[in-house]
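Just a sequence and a predicted model for now, questions to come.
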Amino acid sequence: MIVLEKLPAAVKEFFISKGIQPDEAVLTMKTDLGIDSVLKDVYIVIDKEKAAVAEGTVLFERRGFNQNGNPVRGEEFEAARFEQFNLAELEDIKVEQLISTGRVTATSGKEPVLLFYFSSTYKHDAGIFCQVANELKKDGKVDEKKIKELNVEDNTCPKCGRRYPDPDRKVCPKCMDKIRLIKKLAKLFLHYKGYIFLIFCSLTMIAGLGAITPYVSNQIFYKDVLAEGGQYYGMIIEIILVMIAIRLVSLGVSLINGVISAKVSAEVTYDMKKSIFSTISRLSLSFFTNRQTGGLMTQINHDSIRIYWFFCDGFPYFVLNIAQLAIFMIIMFTINPLLTLYAFVTVPIFFFSFKLIFLVFEKLYAKAYSRRRSFNSLITDVLNGMRVVKSFSREADEMKRFNKRSMKSAEADTEISTKAAKIFPMLFFLLKIGSYVVWGVGGWQVMMKTGTMDYATLMTFVAYFSLIYGPIEFLADISNWWSECLNSLQRLFEINDAVPDVKEKENPITLEHVRGDVEFRHVSFSYVENRKVIDDISFKVPAGTTLGIVGHTGAGKSTLANLLTRLYDVKEGEILIDGVNVKDLSFETLRRSVAIVSQETYLFRGSILENIRYACPEATNEQVIAAAKIASAHDFIIKYPDGYHTQIGFGNKELSGGERQRISIARAILKNPRILILDEATAAMDTQTERQIQQALNRLTKGRTTIIIAHRLSTLRDADNLIVIENGKMPESGTAKELLMKKGVYYKLYKMQAEALKTIGIEA
Amino acid sequence: MDNFLDLAEINYFTPENAKFYKTKNGFAAMKAFMPPIPKDDLEVEEQQDKTPVWQDLGRVYFHRMFPFETPDEFISVLNKDGKEYGIIRRISDFSGEDADIIREALAKKYLCPEITKIISIKEQLGYSYWEVETDMGRMSFSMQDTYRNIARISDTRLILTDVDGNRYSIKDVLALDRKSYRRIELYL
């Protein structure tokens, strides 16, 4: 029995009352949308012959109390719709995906039948429903293990019952406890404990010296040096020397602290970046397609700096400031408790208003940030598209657009500056009021000679009081960046916790020598739930032969290549290399024996030589030249002044599309793989160059398995076998001759391309 | 097993199949024992006879394939249109007059002042003005977008390109004197 959702007791009773035994069902599940487009609790049960749908509401009510006095809750199910479908009568049960919802439909006789609706939250469950129903119809039983594997695990948080926002990441943002985060943080902390200890030591010394200074320069100076009969009466030079000495020591310690911090900062940020980068590159390709590259870059740079900041600046200073504040307050209390109370009168008000003002500023900053971003994106957009702007002479309009956004951005910045200029001086004045109170009350106490108050003590007190502003401001500010830092940490751990979808099996099979037999067995794949890009495709490529894959753009041809190289994993079916499932093969075997030249050629910054050698860094210059020659790249490379050392990429030589493709073909050839995939690898070249490369490749591909993906049929003229892909399905396969005889899709494509040649006077 | 090296059909010149000479006016030229040169690209398709014969190729041009790593190895020998006749694996394979002709032609082609001392670098409005001592005497030049026009060939080797496209080389930036290094350090 497959339980996607456990039925509540009341629902169970309801089903039983309708003659269905949920306990013996094949599948129980739930969706959330009624057929009248109202959100409801929709429960679905499949038993051996029937699928039953009950829509309604589960009501909770209090039914008295138990003996402990806790309320006892009962539930009731009010059904608004109940329908049963005889599975035997239903044909073609499938999911129809709508924009943000979907429905499961079928046909009964010739009539379309509606089973139930669901919101996209339940799209996975709906897919499983269809699969279960279809398998039941076909075989009379369900392979529970297989479906359970598909469903992997429960997709709801065990704590709060909410669904995980990302099913691949079993983290509930609400319940993701801060404690876990802090535990992880502590682990990171321990990693740098040596440095942090050093920083603490130097900071403690600075704080201690800071606490002595006012005592020496006020209490001792006025009482013992200047006052007649003082302990050190008249020793002005000595006391000044002591003061200078204290200052010098504290200067020295700060110096050391500065040097350590600088060293640590470089080291920790470096470590952080390294660990973030290495975790990121470990992840599967789908992680990158789901996120923006720009975002990832910011993540690597900003977050590492922020986290460093927390470790080396934030946390030690936080402790230091708290300690300082405590010490100063204790000293002040021992000097004069009453005065201290007066002095701190305005501090809570300051804290409170600082928080309040920060909320305002946070909004202002967010506004300014988003405006600056939109302004920046306009600049990049226009500069990149300058060719288009100029060719349609839209410069004036772009200027207007620019001015408008620039103005908006400037307005937001001005708003921040003026607000800050108005508010902050007032705020700090509020804090300073305390010191006027101290002057007033203290002065009065000195005059009246109440308690122990004298001139020297007052001066000391004032000196200490002026020292507490720093810590107070710091502490008022800290909560803001604490939240920022938590954010960064959260993101960092998010990457850290992301599990690659494509994982190497434990104890994978390593093949010493790969022959190159490739087989696809009933392979299906979808990037998005319920939308199959590849639907039940099977074919075989015997070792040493060439397979051509034809089809329209977007038919799913490249996806086949992605699946073979395990950039993505198949959802159903299996792919075999030499009879071994690719999922069981070690990455090393797979990457060694399969090379792919894809339609998007990416060349790294660096020389042409480095780019060709990328897959095989130990290749000799002879091998590089030979590979370049086979790929027809040699001739254009030696036309550059620096030959193979020509630097390509940003700010240097830009290569044309065809040149880039030839370099990436050379890269693949140099790797000398058993299985070579050319995914539209020659699409950006003229026919003659393509022909040249093909002739060279023909010689190369002897005894090698080659898969060529193309929409230009001429590219495929040397293929031993062809398969045609259309809408993810494979309607035809065979040799070119057989396909032409069939007069199917291939014939149509052939006709069309031949017609195109005919119009310019060439008979194909 | 499948060695793609043979498939590439690279014609390496050796003293056995190549003889260099100078034209009347002192340009490099050569005779070679190699398959007949096809007249145009289309002919390659059905490549007639591949048996090598001695032929006079006339004037030839040399081009370093890996100018920074191995300047004296892998020299491409080209015709006037940049079509490659073959490759000289190592100049040292040749001796006497042959080697001299190749070396002389390459020296002419790759003439590039070697900076030995940087006297001053002044930066103004996006341009930098350089005053340097080279193995060809004292020179001054200006560079635009300085950072980008200094190519870092290796950790120590630099190639500077000035506003006119002239190149200046620094073989080992660490071997420069302290003052010179301080001046250029900014751009590294």
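Looks like it arrived, so ask away. These numbers come from a predicted model, not from an experiment. Numbers count the residues shown, from 1 in each chain, chains lettered A, B, ... in the order given.

confidence score at whatever residue of the stretch 151-300 of chain A ends up closest to chain B?
Closest approach between the stretch 151-300 of chain A and chain B, counting by CB to the nearest CB: residue A:266, at 17.8 Å. Every residue, glycine included, has its C-beta placed from N, CA and C. Residue A:266 is assigned a pLDDT of 76 by the prediction.

Compute the number of surrounding residues for it.
11 (other CB atoms under 10 Å in any protein chain shown).

what do you get for residue B:8?
Neighbourhood size, residue B:8 [other CB under 10 Å]: 21.

again, but for the one 4 residues further on
Under the neighbour criterion other CB under 10 Å, residue B:12 is assigned a count of 15.

got it, and the one 3 residues further on?
Residue B:15 has 13 neighbours, counted by other CB under 10 Å.

show me what contacts the spatially most central residue of chain B?
Taking CA atoms, centre = their mean, the centroid of chain B lies closest to residue B:64, which sits 3.7 Å from it. Residue B:64 sits next to A:643, B:71, B:74-76, B:106, B:110 when contact means CB atoms under 8 Å, 6 or more residues apart in numbering or on different chains.

Beta-bridge partners for it, please?
Note on residue B:64: beta-bridge partners by DSSP bridges are residue B:75.

quick one: it from residue B:133, how far?
Separation of residue B:64 from residue B:133 (CB to CB, to the nearest Å): 26 Å.

Now the element after the lengthiest helix in chain A, going C-ward?
When chain A is parsed with DSSP state H, its longest helix is helix A:395-448. Where DSSP states H and E defines the elements, the next helix or strand beyond helix A:395-448 is helix A:455-467.

ok, back up a step: the longest helix of chain A vs helix A:455-467, what angle?
160 degrees (axes from the mean of the first three to the mean of the last three CA atoms, to 10 degrees).

Against which helices or strands is helix A:395-448 packed?
When contacts are defined as 3 or more CB pairs under 8 Å, 6 or more residues apart in numbering or on different chains; DSSP states H and E, helix A:395-448 packs onto helix A:337-343, helix A:347-384, helix A:455-467.

Out of those helices, flag the one nearest residue A:602.
Closest of the helices and strands packed on helix A:395-448 to residue A:602 is helix A:347-384, at 18.1 Å (criterion: CB to CB).

In the stretch 351-500 of chain A, where is pLDDT below threshold?
Counting by pLDDT under 70, the low-confidence segments of the stretch 351-500 of chain A come to A:451, A:479-481, A:483, A:487, A:491, A:494-499.

If you rank every helix and strand of the chain by mean pLDDT, what lands last?
Unless you meant another one, I'm taking chain A. Sorted by mean pLDDT, DSSP states H and E, the helices and strands of chain A end with helix A:293-298, the least confident at a mean of 63.

nope, chain B please
helix B:41-44 (a mean of 54).

Quick one: name whatever helix or strand follows that one.
Following helix B:41-44 toward the C-terminus (DSSP H and E): strand B:53-59.

now for that next one, which elements pack on it?
strand B:28-34.

Taking chain B, what residue is nearest to chain A?
residue B:8 (3.6 Å).

who are the neighbours in contact with that residue?
Residue B:8 neighbours (CB under 8 Å, 6+ apart): A:625-627, A:629-630, A:696.

Whatever residue of the stretch 351-500 of chain A ends up closest to chain B - how many residues pack around it?
Per CB to the nearest CB, residue A:383 is where the stretch 351-500 of chain A lies closest to chain B, at 16.1 Å. If you count neighbours by other CB under 10 Å, residue A:383 ends up with 9.

The longest strand out of those in chain B pairs with which strands, and in what direction?
In chain B, assigned by DSSP state E, the strand with the most residues is strand B:115-124. Strand B:115-124 pairs in its sheet with strand B:127-134 (antiparallel), by DSSP bridges.

Measure how far the helix or strand following the partner strand is from the centre of its chain, please.
Remark: after strand B:127-134, the chain's next helix or strand is strand B:137-144, criterion DSSP H and E. Distance of strand B:137-144 from its chain centroid, counting by CA atoms, centre = their mean, to the nearest Å, is 22 Å.

any idea what residue A:240 is structurally, helix, strand or coil?
helix (DSSP: H, G, I helix; E, B strand; the rest coil).

tell me the pLDDT at it?
86.

count of residues packed around the nearest residue to residue B:14 once chain neighbours are set aside?
Once flanking residues are discounted, residue B:14 sits nearest to residue B:93: 5.9 Å by CB to CB, 6 or more residues apart in numbering or on different chains. Per other CB under 10 Å, the neighbour tally for residue B:93 reads 16.

returning to what we had before: if we check chain B, which of the contacts of residue B:8 are in contact?
When contact is defined as CB under 8 Å from any CB of the partner chain, the contacts of residue B:8 meet chain B at A:625-627, A:629-630, A:696.

Let me have these in CSV, extended by secondary structure.
Output for these, formatted as CSV (three-state DSSP):
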residue, secondary structure
A:625, helix
A:626, helix
A:627, helix
A:629, helix
A:630, helix
A:696, helix
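
burial measure for the closest residue to residue A:402 other than its chain neighbours, as a count.
If the residues on either side of it in the chain are set aside, residue A:402 comes closest to residue A:378, at 6.3 Å by CB to CB, 6+ apart. Close neighbours of residue A:378, defined as other CB under 10 Å, add up to 17.

That concludes my questions; thank you for your assistance.
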